[in-house]
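Colleague: Next input, structure requested:
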Amino acid sequence: MILRATLLLVLCLGASPTEARDGGPGPARPLWPKPGRTDAMLYEKAMTLQAQMWHHISPEGLLVYRHPRGAGPAELSNESIDRADAAIWTGCYAAAQACRWHVTGDADALAQVKVLAEGLANLSRVTGVTGRLARNVGVPIHTPVVP
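Modeller: Reported below is the predicted structural model:
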């Protein structure tokens, strides 16, 4: 519970707006949309992407990593150990949603932050050490083999 609350706090607070202007982290000047793009168009694109992202969050609260179709145990092991890193991608996405919630106050963004914080807490629980994250965790899916 403490880890989850800490993650929410860290993800939602962030740096102050003056830090970037004072020469700290952040871009020197804003990136403006391409000419002809309206706020409504950009908002619509963001909402479409947002709706699609919910389908990539596992029941454990982590971004889903897809494995190659037909991969055997050796390939799956290699993919899981060498390439899959749900911790970093989930953390990056949680940070993006926290920024979105901070700027827009959108309840959907906050809902995703809470789900993702639970996923990151799950990555800590499986290690048995508070605050230490595993790179990935999941549940094997048993599907019947169709000839």
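
Colleague: residue ranges with poor pLDDT in the protein?
Modeller: 1-28, 30-31, 66-68, 77-83, 138-147 (pLDDT under 70).

Colleague: can you rerun that using 90?
Modeller: Within the chain, the ranges that satisfy pLDDT under 90 run 1-89, 100, 103-109, 122-123, 126-127, 129-147.

Colleague: what about the strands in it?
Modeller: Ranges of strands in the chain, per DSSP state E: none exist.

Colleague: what about the helices in it?
Modeller: For the chain, the helices defined by DSSP state H cover 2-13, 17-21, 39-53, 73-78, 86-104, 107-125.

Colleague: Just send the ones you listed back as a markdown table, with mean neighbour count and distance to Val137 too.
Modeller: Any C-beta I mention is one placed from the backbone N, CA and C, and that applies to glycine too. Formatted as a markdown table, those follow (neighbours: other CB atoms under 10 Å; distance: least, CB to CB, whole Å):
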| stretch | mean neighbour count | distance to Val137 |
| --- | --- | --- |
| helix 2-13 | 15 | 15 |
| helix 17-21 | 11 | 34 |
| helix 39-53 | 11 | 19 |
| helix 73-78 | 11 | 15 |
| helix 86-104 | 18 | 7 |
| helix 107-125 | 19 | 6 |
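
Colleague: Out of those helices, which is closest to Ala134?
Modeller: If you check each of the helices of the chain against Ala134 by CB to CB, helix 107-125 wins as the nearest, at 4.9 Å.

Colleague: who's in contact with the closest one?
Modeller: Applying CB atoms under 8 Å, 6 or more residues apart in numbering, the contact partners of helix 107-125 are 3-4, 7-8, 11-12, 50, 53-54, 57-58, 60-62, 86-87, 90-91, 93-94, 97-98, 100-101, 130-137.

Colleague: before we move on, back to that, okay if I get the helices of the chain as TSV plus distance to Arg29?
Modeller: Below are these laid out as TSV (distance: least, CB to CB, whole Å):
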stretch	distance to Arg29
helix 2-13	24
helix 17-21	10
helix 39-53	18
helix 73-78	43
helix 86-104	18
helix 107-125	25
